[in-house]
Every structure is written in C-alpha cells, then in structure tokens.
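[1] I would like the atomic coordinates for the input below:
(chains A, B, C and D)
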Protein chains: 2
Amino acid sequence: MVTTRNSRADVVTAAGRLFAERGYHGTSMRDLGKELGLLGSSLYSHVESKQDLLVEVVEEGARLFGASADAALAQGGSADEVLVRLIDGHVDVVLDNRDVARTFLNEANMLDDSHRRRVLDARDHYEETFRGTLRAGVADGSFRDDVDPKTDAIFILSVLNAIERWFDPGGSMSVAKLKAELGRFVGAALT
Amino acid sequence: MVTTRNSRADVVTAAGRLFAERGYHGTSMRDLGKELGLLGSSLYSHVESKQDLLVEVVEEGARLFGASADAALAQGGSADEVLVRLIDGHVDVVLDNRDVARTFLNEANMLDDSHRRRVLDARDHYEETFRGTLRAGVADGSFRDDVDPKTDAIFILSVLNAIERWFDPGGSMSVAKLKAELGRFVGAALT
DNA sequence: CCTATACAAACGAACGTTCGTTTGTCCAGT
DNA sequence: ACTGGACAAACGAACGTTCGTTTGTATAGG
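    Here you go, the predicted model:
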C-alpha cells in the first residue's frame, strides 16, 4: 500500500508549505486538499477553520524561535558566544523548518487581532534576547561602544530573517559557510 | 465641493496602498473601490484588470530603485562614497514611496511568470550595483579583504529592505539618524 | 451665447466562478 | 459495533469582470 490516511499534523504541515509559497490569502482550502490528495471539504475533519491552520503554523514558528533563544541563553558564556549561538540557532530554525519560518515571518499579520498581538509579543521577546546580548557585550567591552543595541538588534535580525528569501540549501553555499559568513559580517560590525 | 473625480494614477496609488497593507490576494476590487469612494466595477474605467494594477505598482518600484542606483553611480567617487549614496538613496526610495516599495518587495511573486521574470531581472541588476561597489572597494583596499561581495551585498540589502517593516517615520528616530546608523553598521562590517 | 457632440468617469445589475464552510453518508480499521 | 476519515453535494457570500446606461464636463459649430 502506498497511501495512508492523513493526520491533523499532516494538514498543518501542508498548510505551512502552501502558506509559505503562495501566502495565506493565495491558498484555498481546495488547493490544500489537493496537496494532500483530498477534497477541500475533507480538511474539516481535521481542523475547525482556515484561520485555525494559520494560527497553528505561526504559533509553531513563534515556539521554535523562542526555544532557540532560550537554548542559546541557557548555556551562558560571553556576549559574543551567546550571540553566535543565537545566530546559528536562528539559521537552524529557518533551514530546518523553512515553511513554518516563512509563514511566521510573512503571514503573521493575516492573523486576527488577538492572535496577531500574541505573536508580535513573542517576536518582541525574541528580539529582546538579541538586544540584551548586545547590551551586555557593550557593557563589558566586547563590542564597540558605538553599538546601539536597539537598532543593531533590528539590523542583525533583518539579515537573519531575509535568509529564507535567498538561501538555497541545495546550492553552492553550505550551511556552515552561511553561518561563518554571518558570524564574520556581524562580528565585524560589532567589534 | 470636496470631491473630485479620480484618475488612473489615483487608482494605482490606492492599489499600492492596499497591496502594501493587505497583500495582493488580500485586496479585492471592491475594497479598492471603497478606498476611492467608488464601486469595484467603476475601476474598470481606469484599468484593464487587477493584475494590471499590480504590474503597474511593482514596475514603478523597480523603476524607482533602478533610478536611485543609477544616480548613485553617476556621481562617481570612491567605493565607500558610492556605497553611502546607494544606501541613502535606497532609504529615500523606501520612505518616500513606502507603499510602492512594500508592494515591490513583498508582492512581486504574485505577478504572472513573464512580468515576475522582468522584475526579478531588474532586482538582480540593482543588486549587482551593490556587488560591484563592494568588489571595487575590496580591490582598491578601502574595504577589508575578507569581504565577500556577493554575500555581503545580500546582507546589506537585507537590512535595507527590512526598513519598511519596522521604521516609523513619525517615531523617535529621524531619517538622518537612520541613515547614520546604517552607515555606521555597514561601515564597521566592511572596514 | 447657446447648444449639440464627444468623452471619460461612475453606476448598478448581473455574469460565471471560486471561496470557506456545512451537511449527510459511507467505508475502513479497531 | 463504533468511530474517525473521507466523500459528494450543497450553501451563501464574495470574487474578478462585463455590460448597458447615466452623469458630468469640456469643446466645437452655429
């Protein structure tokens, strides 16, 4: 036998893929059904609404990035060690969960107000991890004293969040090389 | 009298605003009509199709960025002078034409294949301006020799393209300050 | 100066299609 | 036997678009 029945997780995964590729409003329930070999209506055996699927995907993204930041902080070490772990962790989250990350980054403002608020709060908390690390590094002298933690956290995250838009995991640049280039660029900017 | 009749340009401008805010697929012709105090059907006095509007907005974006790069190159000067002009010009384009820039950056892949191809080519040509400037700066020693023009052009453009996502023109950071921070960050990364 | 003509802008109704979703039924696996 | 997954049909609403018509305004001819 080649086909299995689908689980709710299968539906959410496929939704992440299509939302990442075509956007939330560019994806219909019938599109999503086709992706799974189902009718659009059959998805309602697994899920309560289309919006529900977006919530699930985006919140998984928030959870993944949050967990990555927590792990980077938990290990301790100097500011630049923590920062490297934050960067590498971010890259891993994006590349290991590309569709979820893309949907998280690009489709979060298609959420209804209450869910969007929660996701933006989580995003701000994640950004604060970067800000705090930059602040610590400036305070202990490992980063230049003209580094502005608030602004530079945004700049660094801008570079990291754009990775999904151009990096090709099957291309000529390896993930290790990507991380090395990021470390060099950000390191040079801060020290 | 308070109301005037609308021109095609008015429709395109409003389309840019809604496409930037809600995305192409998140904007209906009736939404767009309401924005102008019209019925959705009335828009077809000005425009041939919805896709037509997207083409117009996105291609204006491509034109604006292209013109900015041409201007930055035309003045000549050292690599870092050119780069500063490229950065400042990019910021000006984004902030003076926010809706067009946002639509250009986020909705270009909603275009049909032929139009998308042309826009991606223009985008690549714009990026090449940055790559070339970095290459020149490495060659003449004004930038560090571990700078990778291809990768660093992407990094710099990632920072620039993200500006529309967080910068608030009415907020506490002035445009001059934004440009200064960008110059500092990128300058430190490259030298 | 008036008036007929031309034209662009907008209307309102309707087209066929697709949307998200609901319903009832059936079948396969436990 | 029960139950969860899927089907097939259908719902009302909204979609992009077309149509014939009306409105307002500018212009050219008498």
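[2] just for chain A, where's the confidence low?
    A:1-5 (pLDDT under 70).
[3] what about the helices in it?
    A:8-22, A:29-35, A:50-74, A:79-96, A:98-106, A:113-139, A:149-161, A:163-166, A:175-190 (DSSP state H).
[4] buried set for the second one?
    Buried residues in helix A:29-35, counting neighbours by 16 or more other C-beta atoms under 10 Å in any protein chain shown, are found at A:29, A:32-33, A:35. Every residue, glycine included, has its C-beta placed from N, CA and C.
[5] what distance separates the start and the end of stretch A:137-155?
    One end of stretch A:137-155 sits 16 Å from the other (C-alpha to C-alpha, to the nearest Å).
[6] what sits up against it?
    For stretch A:137-155, contacts defined as C-beta atoms under 8 Å, 6 or more residues apart in numbering or on different chains pick out A:78-80, A:83, A:127, A:130-132, A:134-135, A:189-191, B:159, B:162, B:166, B:173, B:181-182, B:184-185, B:188.
[7] Of those, which are in range of DNA strand C?
    Subset of the contacts of stretch A:137-155 in contact with DNA strand C: empty, counting by C-beta under 7 Å from any atom of the strand.
[8] Are any of the residues you listed buried, and if so which?
    A:79-80, A:83, A:127, A:130-131, A:134-135, A:189-190, B:159, B:162, B:173, B:181-182, B:184-185, B:188.
[9] any idea how far DNA strand C is from residue A:70?
    33 Å (C-beta to the nearest atom of the strand, to the nearest Å).
[10] looking at it, residue A:25 is touching residue B:25, isn't it?
    Yes - the pair residue A:25 / residue B:25 is scored as a contact, 3.6 Å apart, by C-beta atoms under 8 Å.
[11] residues from chain A in reach of chain B?
    By C-beta under 8 Å from any C-beta of the partner chain, the residues of chain A that approach chain B are A:23-26, A:106, A:110, A:144, A:146, A:148, A:151-152, A:154-155, A:157-159, A:161-162, A:165-166, A:173, A:181-182, A:184-186, A:188-190.
[12] next one: stretch A:183-191 to chain centre, how far?
    22 Å (C-alpha atoms, centre = their mean, to the nearest Å).
[13] Give me the contacts around that stretch.
    In contact with stretch A:183-191 (C-beta under 8 Å, 6+ apart) are residues A:80, A:83-84, A:87, A:134, A:137, A:142-144, A:147, A:152, A:155-156, A:159, B:144, B:146, B:151-152, B:155, B:185-186, B:188-190.
[14] Extract the C-alpha trace of it and format it as CSV.
    Presented in CSV, the C-alpha positions along stretch A:183-191 are these (Å, rounded to 0.1, in the frame of the first residue of the first chain):
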residue,chain,number,x,y,z
GLY,A,183,29.5,35.5,12.0
ARG,A,184,32.2,37.4,10.1
PHE,A,185,29.8,40.1,8.9
VAL,A,186,28.1,40.7,12.3
GLY,A,187,31.3,40.3,14.2
ALA,A,188,33.0,42.9,12.1
ALA,A,189,30.0,45.2,12.5
LEU,A,190,30.1,45.0,16.3
THR,A,191,33.8,44.8,17.2
